[in-house]
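Asks: Mind looking at a prediction? Sequence and model below.
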Amino acid sequence: MHNLANLIHNPSVPEIASNTKLLRPTWAEISLSKLRRNYERVRKLAGTRRVMGVVKADAYGHGAVPVAKALAAACVDWFGVATVEEALELRAAGVEQPILLLGGLYMIDPADLVEYRLTPTVSSTARLDTYSECARRYKSCIEFHLKVDTGMGRLGVPLAHLSAFLAHYRELEGLHLTGFFSPLATAEDMISTQTDEQVARFQGALAEVRAQGFEPEWIHISNSAALLSGRNFAGENLVRAGALLYGYCLPLLSVPGRAVNSLPEFEPVLEFKSRVVYLKDVPRGTPLSYGAAYHTRRPSRIATVPVGYADGLSRALSNRGRGIVRGGSAPIVGNISMDLTLFDVTDIPGVEVGDEIVLIGRSDPSSITALEIAREISSVPYEVLCMIGKRVPRIYRTVLGV
């Protein structure tokens, strides 16, 4: 037991046995082998373009450091994070690849950019002034990627202000524009014209940047959905892959008869599991859990499982979600509480205390994906993965094929 923390957080451990005793039997298993295979699929789709592995939000809940180390060993070219704190975690773990702060910096001193070799995103002239002053103070050069707003409407220099931005940048010292990018809002929708419109604006903005005498080294606009759709954009030499690395992407929406063919199969990397800790037989009409939101409709066998919304099992799945026990589907009954959830195992023979229950993952012949859960709660699979809380231990498997 005393070595459990080391096993959980050390991705060099070949495999942790499935009967590893946890203090609380709720955990997530992450297959680094599947992660690497997904990365190779991304690399193939990218062709000659370089690949940025997006590991923000703790690598979509998979654990940023073990994931980044595995991708670094596979020779990923860049990493993308949301915050300085996420970037420093990677540097402290020995990750050496260039790191782009996709959201830029907010109201903090930018000294870490210099000390830790971080590349910020810039979306306004105000940040240019801040970075230039930092470069002067530390007698260094700060490289940055310019983000333009082509239609997402969040961060990014508005196209109408691009000329003024470049003029101001020209007046400053200590800065080097090395990248140019924009996010796509609807890349998975191949019916909408928005992506084509965004790309046209992006290409026009890039032409203006070059006309002003600047030549960014890195040009990137493709996300996972754009990569999966097979789109290629003129001049692009870097792609940002997040969701596909973890085995997910929103389904491509296309005109009937024009579906994208020959897509590689990406493997979900994470499985979310727990164990049955209590079983009880109750009569018909028994109220269950908070609010008595469910009453049994027949004599029922109910399993109590130590997982709840504090672990990332959305309360919206109350009386709607399911788990897999002994290969059978067990519906969630009653309201999901913070730490415990009830499952109806009446129709699954032989369930015992200690049996594993799969919340995300596969137990033949059944499976549950984050996409299935997302559809049930009107969300996206990335939120489902990110919701899995930090009190849920991550166990990393590296055995070939798992």
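Replies: Nice, thanks for sending it over. Numbering: from 1, shown residues only.

Asks: Report the contact partners of the residue lying closest to residue 156 once chain neighbours are set aside.
Replies: Computed as C-beta to C-beta, 6 or more residues apart in numbering, the closest residue to residue 156 that is not its neighbour in sequence is residue 149, at 3.2 Å. Every residue, glycine included, has its C-beta placed from N, CA and C. Shown in contact with residue 149 (C-beta atoms under 8 Å, 6 or more residues apart in numbering): 123, 155, 156, 157, 158, 159, 182.

Asks: hmm, 7 Å instead?
Replies: Contacts for residue 149 (C-beta atoms under 7 Å, 6 or more residues apart in numbering) come out as 156, 157, 158.

Asks: hey, what's it bridged with?
Replies: Beta-bridge pairing for residue 149 (DSSP bridges): residue 158.

Asks: Report pLDDT for it.
Replies: At residue 149, the predicted lDDT confidence score is 97.

Asks: now that we have the contacts of residue 149, which one has the most neighbours?
Replies: Using other C-beta atoms under 10 Å as the neighbour test, these are led by residue 156, with 22 neighbours.

Asks: Now it: phi and psi?
Replies: For residue 156, the backbone dihedrals (degrees, to the nearest 10) come out as phi 130, psi 140.

Asks: In this structure it contacts residue 148, no?
Replies: Yes: judged on C-beta atoms under 7 Å, residue 156 makes contact with residue 148 at a distance of 5.1 Å.

Asks: got any residues that touch both of those two?
Replies: Common neighbours of residue 156 and residue 148 (criterion: C-beta under 7 Å, 6+ apart): residue 182.

Asks: which residue ends up closest to the midpoint of this protein in space?
Replies: residue 60 (2.9 Å; C-alpha atoms, centre = their mean).

Asks: pLDDT (mean, whole number) over the helix or strand hosting it?
Replies: Using DSSP states H and E, residue 60 sits in helix 56-61. Averaging pLDDT along helix 56-61 yields 97.

Asks: so where is the stretch 251-400 of the chain shaky, pLDDT-wise?
Replies: Low-confidence segments of the stretch 251-400 of the chain (pLDDT under 70): 254-263, 399-400.

Asks: what do you get for the stretch 1-150 of the chain?
Replies: Those would be 1-22, 107, if you go by pLDDT under 70 across the stretch 1-150 of the chain.

Asks: All the strands of it, in order from the start?
Replies: With DSSP state E, counting those that start in this stretch as the criterion, the stretch 1-150 of the chain has strands at 26-31, 50-54, 78-81, 99-101, 118-122, 142-149.
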